[in-house]
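Engineer: Quick one: sequence plus predicted model below, questions after.
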Amino acid sequence: MVSLIVVSITFVDDVNTSEASIAVVGLGFYLAFFSIGMGPGAWLIPSEVFPSSVRTKAMSVATFFNRLTGTLMSSTFLSTASAMSWTGAFLLLAAVCTISALFIFFYLPETKGRSLEDMSMYFAEITGDQSLLEAEDKAVEKRRSTAAAEIEAVTLS
């Protein structure tokens, strides 16, 4: 987002050669940091937050909206830049990046070291999805009864 602000500043006045170079470098930095930061997030986050039972369909929907958003951004950028000025267009993109980063920082849970089942339970608890919670309770009870039966079989042998 800092690089987008740098790019927007270069468009405040008439662009000369040195400012054009700064704009190109700023865009390069934006693309580089996007590629290692928020870019892969559009693919990584949905794969970790959707439960296994709906993951394939949910990833299809997430991919559709990812591509739709990219298409809308690409096809409307020149119109937006004409309506707002180039400076305004890049400042708008910087604002969107800032809002996205704040949302991710404050609302997206850390998934490192947590299984997909743990994440499913986490989201079921915060959304109040009783069907998933009940299914998990049944699975836990089944595991306990199976484990108890195995222990009993071993002790009887």
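Structural biologist: Now that the structure is in, tell me what you want to look at.
Engineer: rest of the way, CA atoms for contacts and neighbours
Structural biologist: Fine.
Engineer: Count the neighbours of Leu78 for me.
Structural biologist: Leu78 has 14 neighbours, counted by other Cα atoms under 10 Å.
Engineer: make that Ala42, sorry
Structural biologist: Using other Cα under 10 Å, Ala42 has 14 other residues around it.
Engineer: confidence score at the closest residue to it other than its chain neighbours?
Structural biologist: Computed as Cα to Cα, 6 or more residues apart in numbering, the closest residue to Ala42 that is not its neighbour in sequence is Asn66, at 7.1 Å. What the model reports for Asn66 is a pLDDT of 90.
Engineer: dump the residue contacts of Cys97.
Structural biologist: Contact analysis of Cys97 by Cα atoms under 8 Å, 6 or more residues apart in numbering lists Met1.
Engineer: do you know how far it is from Leu91?
Structural biologist: Relative to Leu91, Cys97 is positioned 10 Å away (Cα to Cα, to the nearest Å).
Engineer: How about Glu110?
Structural biologist: Separation of Glu110 from Leu91 (Cα to Cα) stands at 29 Å.
Engineer: Just give the number of residues close to Gly28.
Structural biologist: Neighbours of Gly28 under the rule other Cα under 10 Å: 13.
Engineer: If you could redo that for Ser8, that was the one I meant.
Structural biologist: By other Cα under 10 Å, 22 other residues sit near Ser8.
Engineer: wait, isn't it in contact with Ser85?
Structural biologist: No: using Cα atoms under 8 Å, Ser8 is not in contact with Ser85, being 9.5 Å away.
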